[in-house]
Structures are given as structure tokens and as C-alpha cells.
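In: Next comes the sequence, and after it the predicted model I'd like to discuss.
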Amino acid sequence: MGTKSFTSINKDTKDLPIFIEEWEAKAKEKMDKGSFDYIRSGAGDEETLQANRSVFQKWTILPRVLRNVSLSSANTILYGNELSFPLLLSPVGYQGLADKEGEKAAARAAAKAGVPYIASTVSTYSLEDIAAAAPEGNNWFQLYWSRNKEVSASMVKRAEKAGFRAIVVTVDTGLLGWRKSDYKNGFVPLMECLGDANYRNDPAFQKSVPNWNDANIVAGIMDNILHPDLNWEDVLFLREHTTLPIILKGILHPKDAKKAVDLGFDGIVVSNHGGRQLDGAISSLDALQLISPVVNKQIPLIMDGGIRSGADMYKAIALGADAVAIGRPFIYGLAVSGEVGVLSIINNLKKEFELTLALSGEVSVKDITADNLFRQN
Ligand SMILES: Cc1cc2nc3c(=O)[nH]c(=O)nc-3n(C[C@H](O)[C@H](O)[C@H](O)COP(=O)(O)O)c2cc1C
Ligand SMILES: CCCCCCC(=O)C(=O)O
């Protein structure tokens, strides 16, 4: 019987950082203060941002031994597609802040690594350009719901036409969180014209903004994205406009998770938006623990917020996630070394996750359960 190789680091990436903290420090050196602070920070006093990390210490892995893990594999199937391991790149807006190639570079890295790339509505490049940069990739589109339903429907149709494989509707941003560092820095990324490509190219949006021109595009986008009246019926309207899986991102309450299942949505991203929206909100891992028994495997559960290591991934999966996603870490990789940086971040996480899986005595992602965890007092 063959033995899988659990080698650690590729020769061609040996000069790149390994620790996420080192990537972050290098990104800070390279970026201007406004951009770096925008990416790193959370809302309010950053309690939720911190909780997303500290919650992982409540859980320890309870490993099994003598189970022949020589052929263990982290491969995962999600919506009929194979992932090299259960990771996705979370939607992150304005990736042109980190690198000139922005989303195109990150999507190429995700495709090479065999993991889904979720393109944000407020991307620097249009969804068509991102799809063209990584046509072989498992690309998903994240929709910021537009007050004008026709704009939402139009973007989803464009995404479907461009080959995106799932639609992620973010539901935790009816209003923007209290972002103190951005206010202090006077930083508004939309104003830098780094997140308007999807709107500029959208015929329904052009029609919806009276006297469409360069000067009123930002106001038009803000008015479209930020609307506290967003509700379940609005989002259900999308079902008539796409056959792609519709996944709701930003669910934290088990009652909302149950409603998402009952209304026929195809998946949930358990997320507090990386602590950038409601400060004081529950950590993503704690929310996952509440939501997973309610959803009870009826639809896939993805979790993001604070994932920084293979062990973090493992704990989230043991608590019921089918896959996890990362935001800031890959943006730091993008800022430091473009596509190579993103690929390095993903590959190191993959190696660490594969080792964690095998060292815990399990051979596949499906075998990871709550039985593999012990909760600290
Ligand atoms: C700079 C930045 C921009 C983001 N932009 C979006 C976005 O456009 N759409 C969205 O749904 N979430 C957005 N998010 C939230 C991420 O998708 C994700 O929920 C969060 O980053 C996960 O936490 P992590 O950074 O600790 O991994 C953004 C996060 C960051 C840090
Ligand atoms: C009107 C801007 C909406 C937020 C865009 C990016 C984002 O989600 C973030 O967290 O920042």
C-alpha cells in the first residue's frame, strides 16, 4: 500500500512567510495606513473580532491513534464539485487595495489550489473579468442586495452567464458597522473607485441611477447597497432568476438558520462578517455550535471568522461546518506577493490541515465529528 507524503514546504516558496502574523506585518509595511487599517480592523471596540480568535482556545482536539492514517485525504465535495480541502476564499471587497491584479490574482490562486473563490459585488474588477482570469476555477459570486431588485437580478444573471457556480447573498450589511479606524483615517474605499466595476458594467444599474455619470455613481451604489428594509421576501425573489445554489452569508441565530432551511435556501455561511458589522455579536464558532444541530446536515454549512490554522479548520468542521472560509489572511498574502502569496497562504493551510486530520487519527473530512473535540472549562 502506498503512503501519502505529508511534506511540509515547497522549495519555491521557502523565502515567503509561514506565520500569518508575519504576512500581516509585511502587508502593513507595504500598504498605506488607510488601506491596511480598513482590512485589519473590526467594528466598535473589536470585541467580536477578538472573540472570533479566542473562542478556538475553548476547544481542544481529542486524537485517536493506531488507525492507519497513511492514506488520509482532505478532499471534499461541495455542491457537486471537488475541493482539494474544505476551504473557500471569503468575499472581500476592493482587492485592488492590496494588489494591482486584485481579484484576478486571488481567483487564479484559488483555482490552482483547487478551492472556491467568492468574488465580492464590490470587487475592483468586474465579475466577467474575474471569471475570465480563472475560467477553470470554482468561482462563486457574492451579491450585495440592491434596493432596486432588477439590479440584483441582473448581476446574478451576469454571474450565471460568466460561469459562476453559486450565489452568496450577504444579509448582515443592511447598514454599515461602526468602523472607527476608517472614520479616523477618513477612509472610504468606494470613493477610490475600487469597487464600482460591477455597477459600471450593469445595464440595470445604469438605468436605475438617474442622470448616470461618474460623479453620482458612488452615491448610487451606497443607496443601492445600504438599506435596512431588506427582508426574507426580497431575497426569495432571487430564486426566480437563477438555478444556481443560493447561499445566505451572515447568519448567526439558529432561528434564522432554521428559516433559511425551511424557505429552501441551499446553504448558509455562519459569519459575523469578520467582526466588522455588529460589535459584541457572538463569535462565529459559537454560532456554528448553536446552528449546526438545527440545520442537521439538511444543507451545507460554511463558517468564516477567525480561521487561521489547520487546527482551527478542524475544530469548526468538528462542530458541524462542511467547509470553512478565510478573509484577511489571503488579502495579506495578496498584498505581500500577489497570486504567489495567496497560493502560499492556501497551500500552507492545506498542509497543516492534512497533518491535523491524520494526526487526529482520522482519514477523511467526513470522519471529523464532535467526538474529536474536548471542551475546556
Ligand atoms: C477588507 C474586507 C472586506 C470585506 N468585504 C466583504 C464583501 O465585500 N462582502 C462580504 O460578504 N463580506 C466581506 N467581508 C467579510 C468576509 O467575507 C469574511 O466574512 C471575513 O473576512 C471572515 O473573517 P476573517 O477575516 O477573520 O477570516 C470583508 C472582510 C474584509 C476583511
Ligand atoms: C457600502 C459598502 C459595503 C461594504 C463593502 C465591503 C465590506 O463588506 C466590508 O466589510 O468592508
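Out: All right, it came through fine. Ligands and ions are numbered 1, 2, ... in the order given.
In: what about the helices in the stretch 151-300 of the chain?
Out: 180-185, 197-200, 203-208, 217-225, 232-236, 254-262, 284-295 (DSSP state H, counting those that start in this stretch).
In: Check the stretch 1-150 of the chain too.
Out: According to DSSP H, counting those that start in this stretch, the stretch 1-150 of the chain carries its helices in the segments 20-30, 33-40, 47-54, 102-113, 127-133, 149-161.
In: nearest to ligand 1, of those?
Out: Ranking the helices of the stretch 1-150 of the chain by their distance to ligand 1 (criterion: Cβ to the nearest ligand atom) puts helix 33-40 first, at 4.3 Å. C-betas here are computed from N, CA, C, even on glycine.
In: What's the local residue count around D182?
Out: If you count neighbours by other Cβ atoms under 10 Å, D182 ends up with 19.
In: how far away is it from ligand 2?
Out: Going from D182 to ligand 2 by Cβ to the nearest ligand atom, to the nearest Å gives 8 Å.
In: Pull the contacting residues for that residue.
Out: Contact partners of D182, counting by Cβ atoms under 8 Å, 6 or more residues apart in numbering, are 34, 37-38, 41, 188.
In: A321 too?
Out: Neighbours of A321 in contact, by Cβ under 8 Å, 6+ apart: 86, 270, 288, 292, 301-303.
In: for this structure, what's the longest helix?
Out: helix 328-359 (DSSP state H).
In: So what's the gap between that helix and the chain middle?
Out: 14 Å (Cα atoms, centre = their mean, to the nearest Å).
In: what packs against the next helix or strand after it?
Out: Using DSSP states H and E, the helix or strand that follows helix 328-359 in sequence is strand 373-375. The helices and strands touching strand 373-375, judged by 3 or more Cβ pairs under 8 Å, 6 or more residues apart in numbering; DSSP states H and E, are strand 59-61.
In: What residues of the strand it packs on count as buried?
Out: Going by neighbour count (16 or more other Cβ atoms under 10 Å), the buried part of strand 59-61 is 59, 61.
In: residues in contact with the spatially closest residue to N372 that is not a sequence neighbour?
Out: Ranked by Cβ to Cβ, 6 or more residues apart in numbering and with sequence neighbours excluded, the top spatial neighbour of N372 is A318, at 5.0 Å. Neighbour list for A318: 59, 61, 368-370, 372-373 [criterion: Cβ under 8 Å, 6+ apart].
In: Please apply the same query to I299.
Out: 260-261, 265-268.
In: Kindly report the same for V115.
Out: Contact analysis of V115 by Cβ under 8 Å, 6+ apart lists 83-85, 87-89, 138, 346.
In: what about burial for the contacts of A318, which qualify?
Out: 59, 61, 368, 372-373.
In: Looking at those, spot the one nearest ligand 2.
Out: Of the buried ones among the contacts of A318, the one sitting nearest to ligand 2 (Cβ to the nearest ligand atom) turns out to be W59, at 26.5 Å.
In: residues touching M222, list them.
Out: Contacts of M222 by Cβ under 8 Å, 6+ apart are L190.
In: If we ignore the residues flanking it in sequence, what's nearest the residue in the stretch 151-300 of the chain that ligand 1 sits nearest to?
Out: As assessed by Cβ to the nearest ligand atom, ligand 1 sits closest to G274 within the stretch 151-300 of the chain, at 2.9 Å. Of all residues not flanking G274 in the chain, G327 sits nearest, at 5.1 Å (Cβ to Cβ, 6+ apart).
In: Count the neighbours of the one you found for me.
Out: G327: 20 neighbours (other Cβ under 10 Å).
In: Then L230?
Out: Applying other Cβ under 10 Å, we find 18 residues neighbouring L230.
In: how far away is it from L83?
Out: 30 Å (Cβ to Cβ, to the nearest Å).
In: Is the lowest-mean-pLDDT helix or strand in the chain positioned near ligand 1?
Out: Within the chain, judged by mean pLDDT, DSSP states H and E, the helix or strand with the poorest mean is helix 217-225; its value is a mean of 87. No. Taking Cβ under 6 Å from any ligand atom as the criterion, helix 217-225 and ligand 1 are apart, separated by no less than 9.5 Å.
In: Use 103 as the first number from now on
Out: Will do, 103 is the new start, and the previous item becomes helix 319-327.
In: Flag every buried residue along that helix.
Out: Buried, per 16+ other Cβ under 10 Å, within helix 319-327: 319-320, 322-323, 326-327.
In: next one: stretch 185-202
Out: 185-201.
In: Phi and psi next, for A264.
Out: phi -80, psi 0 (degrees, to the nearest 10).
In: Thought L229 was touching it, still the case?
Out: Yes. With contact defined as Cβ atoms under 8 Å, A264 and L229 form a contacting pair (5.7 Å).
In: Could you pull up the residues touching the closest residue to R155 other than its chain neighbours?
Out: Using Cβ to Cβ, 6+ apart and skipping residues adjacent in sequence, the residue nearest R155 is G408, 4.6 Å away. Residues in contact with G408, defined by Cβ under 8 Å, 6+ apart, are 154-155, 157-158, 376, 385-387, 414.
In: Who wins on neighbours among the residues you listed?
Out: Going by other Cβ under 10 Å, S386 tops the contacts of G408 with 30 neighbours.
In: what does the stretch 253-402 of the chain have sitting close to ligand 1?
Out: Residues of the stretch 253-402 of the chain lying near ligand 1 by Cβ under 6 Å from any ligand atom: 272, 351, 373, 375-376, 378.
In: mind listing which of the residues you listed are in strands?
Out: Among those, the members found in strands (DSSP state E) are 272, 351.
In: ok, the residue minimising distance to the centre of the chain to ligand 1 distance?
Out: In the chain, the residue lying closest to the centroid (Cα atoms, centre = their mean) is S192, at 1.4 Å. Distance of S192 to ligand 1, given as Cβ to the nearest ligand atom: 3 Å.
In: That residue is in contact with P431, isn't it?
Out: No. S192 is beyond contact range of P431, at 9.7 Å (criterion: Cβ under 8 Å).
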